[in-house]
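In: Make a model of this:
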Amino acid sequence: MPEQEAITVAIIDHDKDFFQKSLALLQKEKDIDVCVKYLRVDYQKDDASAEAAANDVCKCQPRVLIHSQMIIRDAAARNLKHIL
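Out: Numbers count the residues shown, from 1 in each chain. Predicted coordinates:
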């Protein structure tokens, strides 16, 4: 039986508990590859990291994107349209 390709997932969130628990669950699965992991806690200091995370999502092109609506709304407001 041929081996299935891993499902690529990106997780970008602001809630530390949700992020850590989701990441732990995803990493337990052998057919899931978490290609982008980004926790944005400090909105004042994390702009460069947010843009880097957006670039990583574009490069990885995950099949699944788990994200915080707050982060996407903030990115759109700051013209980081490539994360959408």
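In: which secondary element of this protein has the worst mean pLDDT?
Out: Comparing helices and strands within the chain by mean pLDDT, DSSP states H and E singles out helix 69-77 as the least confident, with a mean of 61.
In: Which pLDDT value belongs to residue 60?
Out: Residue 60 is assigned a predicted lDDT (pLDDT) of 91.
In: Around residue 34, count how many other residues there are.
Out: Using other CB atoms under 10 Å, the number of residues around residue 34 comes to 20. Every residue, glycine included, has its C-beta placed from N, CA and C.
In: before we move on, what about residue 6?
Out: For residue 6, the neighbour count with other CB under 10 Å is 14.
In: can you pull out the strands in the chain?
Out: For the chain, strands defined by DSSP state E occupy the ranges 7-13, 32-39, 64-67.
In: Can you tell me which of the ones you listed is packed in deepest?
Out: With neighbours defined as mean count of other CB atoms under 10 Å, the strands of the chain peak in mean count at strand 7-13, which reaches a mean of 20.
In: my guess is residue 22 meets residue 68, correct?
Out: No - contact criterion CB atoms under 8 Å: residue 22 and residue 68 do not qualify, at 11.1 Å.
In: what is in contact with those two at once?
Out: Here residue 22 and residue 68 have residue 13 as joint contacts, going by CB atoms under 8 Å, 6 or more residues apart in numbering.
In: Any stretches of this protein with poor pLDDT?
Out: Across the chain, the stretches falling below the confidence threshold (pLDDT under 70) are 1-3, 42-48, 70-84.
In: again, only using 90
Out: Residues of the chain meeting the criterion pLDDT under 90: 1-5, 12-15, 38-58, 67-84.
In: Check the gap between residue 60 and residue 17 for me.
Out: Per CB to CB, to the nearest Å, residue 60 is found 24 Å from residue 17.
In: okay, the two: which has more neighbours?
Out: Neighbours per residue (other CB under 10 Å) separate residue 60 from residue 17, with residue 60 holding more: 16 against 8.
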